[in-house]
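Participant: fold the following, please.
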Amino acid sequence: MSTSYKSPLHETVETTQTDFWNDSCSIEELTYAIDNGAVGATSNPTIVLNVLKQELHLWKDRLNQLINENPEWSEVEITWKIFEEIGVKGSELLLPVFEREHGKKGRLSVQTNPANYRNAAAIVEQAIYFDTLAPNIQVKIPVTKAGIRAIEEATYHGVNINATVCFTVPQSLAVAEAVERGLKRREAEGKPVDDMTPVCTIMVGRMDDWLKVIAKKKQMAVTPGYMDWAGVACMKKAYGIYKQRGYRTRLLAAAYRHHLHWSEFIGGDLILTIPYNWQRQFNASDVEVKERMDNPVPVEIVDYLYTHFEDFKKAYDEDGMPVEEFDSYGATVRTLRGFIQSYHDLQALIRDFMLPDPDK
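Facilitator: Numbers count the residues shown, from 1 in each chain. Next comes the predicted model:
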């Protein structure tokens with residue numbers, strides 16, 4: 001690494017078209033990330049729960065104030081209010097980036113209620129509301145059957161979406177097409193689109209995780225390391241199609257498990273949303289910062305995954321899954337269950353403030 005760069009991640013963003021975001025809205029973590037070149041951040045119920053736990057000293061007084069000032073609010077209202085405020089606080093740190101980049105970068109992603117994954121109208125209503133919280137908000141919508149409808153509608157209403165709970169090529173293409181429909185509807189009515197920056201997340205690590213679950217269930221003996229390429233392969237396949245078709249949505253890699261989820265994407269016109277601990281690990285590594293996005297995944301690995309895992313075939317093929325199957329895909333189910341559980345765990349934490357356990 002040249003001494004003119006603060007870190008490998010800083011070198012990545014300074015020497016290539018690849019951007020990175022902080023995969024958290026923690027003040028401490030986001031400050032570190034911005035200092036190393038990050039131009040965005042994200043949140044979800046799991047992230048906000050962890051932020052609240054680790055930065056409770058920053059939010060304890062505000063929580064008590066909300067509870068005392070709103071005597072009729074349930075834990076649900078308190079939870080969403082603090083959820084919003086934590087996201088807005090993170091967006092404030094990114095506002096200088098947003099202004100410097102004229103709105104093209106510097107956004108904070110806030111996730112809609114994961115429990116509404118089947119209700120397009122509820123997702124759209126919350127997305128439009130979240131869009132009013134700050135000028136640089138990006139709204140996360142799950143790539144379910146209802147989510148695809150919501151992505152088009154929210155885009156039409158001018159919301160900058162971040163499609164989440166997405167792992168596969170067919171999901172990412174459905175997102176891009178939904179965004180295009182929403183943008184074209186806006187253009188037909190003379191509404192602005194130049195300031196919009198839609199993104200589609202592919203949770204590459206969770207794709208790897210799902211194949212490992214399948215392999216364990218079936219007691220498969222898979223060559224070590226092969227399953228670590230599944231998410232990379234899906235991302236590179238989707239990226240090529242996006243570029244070929246000229247979609248206005250930008251791809252984003254999430255759910256980090258190893259350095260390939262950074263190193264193999266260097267040079268691509270995409271975003272890497274990296275958790276703080278992985279940022280520290282990458283920045284302490286000796287992995288060379290060089291463009292690898294156009295390097296194909298070894299053909300023997302893709303062929304093996306394709307022939308041994310039906311769910312990789314579904315994920316990798318352009319037409320591997322219809323929209324109607326998105327909700328039942330294994331990685332989707334696992335991730336939605338985790339997000340919904342974190343949402344309920346977040347409510348439980350708020351409940352401890354509203355109704356402290358008298359037995360403790």
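
Participant: any stretches of the protein with poor pLDDT?
Facilitator: Within the chain, the segments meeting pLDDT under 70 span 1-3.

Participant: identify the residues contacting Leu93.
Facilitator: With contact set as Cβ atoms under 8 Å, 6 or more residues apart in numbering, Leu93 has these partners: 27, 30-31, 34, 41. Bear in mind the C-beta positions are built from the backbone N, C-alpha and C, glycine included.

Participant: check for me that Ala41 belongs to a strand.
Facilitator: Yes. Read with DSSP: H, G, I helix; E, B strand; the rest coil, Ala41 is one of the residues of a strand.

Participant: wait, what's in contact with it?
Facilitator: So Ala41 contacts 21-25, 30, 33, 90, 93-94, 108-109, 273 (Cβ under 8 Å, 6+ apart).

Participant: Ile241: neighbour count?
Facilitator: 14 (other Cβ atoms under 10 Å).

Participant: what residues sit buried inside whatever helix or strand it lives in?
Facilitator: When elements are assigned from DSSP states H and E, Ile241 belongs to helix 230-245. Residues of helix 230-245 classed as buried by neighbour count (16 or more other Cβ atoms under 10 Å): 230-239, 242.

Participant: which residues are contacting that helix?
Facilitator: By Cβ under 8 Å, 6+ apart, helix 230-245 touches 167-169, 172-173, 176, 202-208, 211, 249, 251, 253, 255, 260-261, 264-265, 268-270, 293, 296-297, 301-302, 305, 309, 312, 315-316, 318.

Participant: now, those residues that are in helices?
Facilitator: Here DSSP state H is the test, and the contacts of helix 230-245 give 169, 172-173, 176, 204-208, 211, 260-261, 301-302, 305, 312, 315-316 as lying in helices.

Participant: pull out the buried members of the contacts of Leu93.
Facilitator: Buried among these by 16+ other Cβ under 10 Å: 27, 30, 34, 41.

Participant: got JSON lines for these, with distance to Thr132 too?
Facilitator: JSON lines is the format used below for the buried ones among the contacts of Leu93 (distance: Cβ to Cβ, whole Å):
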{"residue": "Ile27", "distance to Thr132": "23"}
{"residue": "Leu30", "distance to Thr132": "22"}
{"residue": "Ile34", "distance to Thr132": "24"}
{"residue": "Ala41", "distance to Thr132": "19"}
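
Participant: separation between the nearest residue to Tyr256 once chain neighbours are set aside and Leu9?
Facilitator: Once flanking residues are discounted, Tyr256 sits nearest to Trp278: 4.5 Å by Cβ to Cβ, 6 or more residues apart in numbering. Distance from Trp278 to Leu9, counting by Cβ to Cβ, to the nearest Å: 10 Å.

Participant: so these two - more neighbours on which side?
Facilitator: Leu9 (25 against 19).

Participant: ramachandran angles for Pro142?
Facilitator: With angles defined as degrees, to the nearest 10, Pro142 sits at phi -70, psi 150.

Participant: swap that for Lys140, please
Facilitator: phi -90, psi 130.

Participant: that one reaches Thr46, doesn't it?
Facilitator: No. Lys140 lies out of contact with Thr46 (Cβ atoms under 8 Å); the separation is 12.0 Å.

Participant: neighbour count: those two, which is higher?
Facilitator: Lys140 (24 against 19).

Participant: part of a strand, is Leu272?
Facilitator: Yes. Using three-state DSSP, the assignment for Leu272 is a strand.

Participant: how about the strands of this structure, start to end?
Facilitator: 19-22, 40-42, 107-111, 137-142, 161-164, 199-203, 250-254, 271-274 (DSSP state E).

Participant: closest to Lys191 out of those strands?
Facilitator: Nearest of the strands of the chain to Lys191, taken as Cβ to Cβ: strand 161-164 at 15.5 Å.

Participant: report all helices and strands that the closest one contacts.
Facilitator: strand 137-142, helix 145-156, helix 169-188, strand 199-203 (3 or more Cβ pairs under 8 Å, 6 or more residues apart in numbering; DSSP states H and E).

Participant: okay if I get those as CSV plus distance to Ala215?
Facilitator: Shown next, in CSV, are these (distance: least, Cβ to Cβ, whole Å):
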stretch, distance to Ala215
strand 137-142, 26
helix 145-156, 28
helix 169-188, 21
strand 199-203, 18
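
Participant: now the helix holding Ile241, how far from the centre of its chain.
Facilitator: 17 Å (Cα atoms, centre = their mean, to the nearest Å).

Participant: related to what we said a few turns ago, list only buried entries from the contacts of helix 230-245.
Facilitator: Using 16+ other Cβ under 10 Å, the buried ones in those are 167-169, 172-173, 176, 202-208, 211, 249, 251, 253, 255, 260-261, 264-265, 268, 270, 293, 297, 301-302, 305, 309, 312, 315-316.

Participant: torsion angles phi and psi at Glu101?
Facilitator: Per degrees, to the nearest 10, the backbone of Glu101 is at phi -90, psi 10.

Participant: so it sits against Val39, correct?
Facilitator: Yes. When contacts are counted by Cβ under 8 Å, Glu101 is listed as touching Val39 (6.8 Å).

Participant: neighbour count winner among those two?
Facilitator: Taking other Cβ under 10 Å, Glu101 and Val39 do not tie; Val39 has more neighbours (21 against 17).

Participant: give me phi/psi at that one?
Facilitator: Torsion angles, degrees, to the nearest 10, at Val39: phi -130, psi 20.

Participant: tell me the contacts of it?
Facilitator: Contacts of Val39 (Cβ under 8 Å, 6+ apart): 13, 19-21, 94, 97, 101, 105-106.
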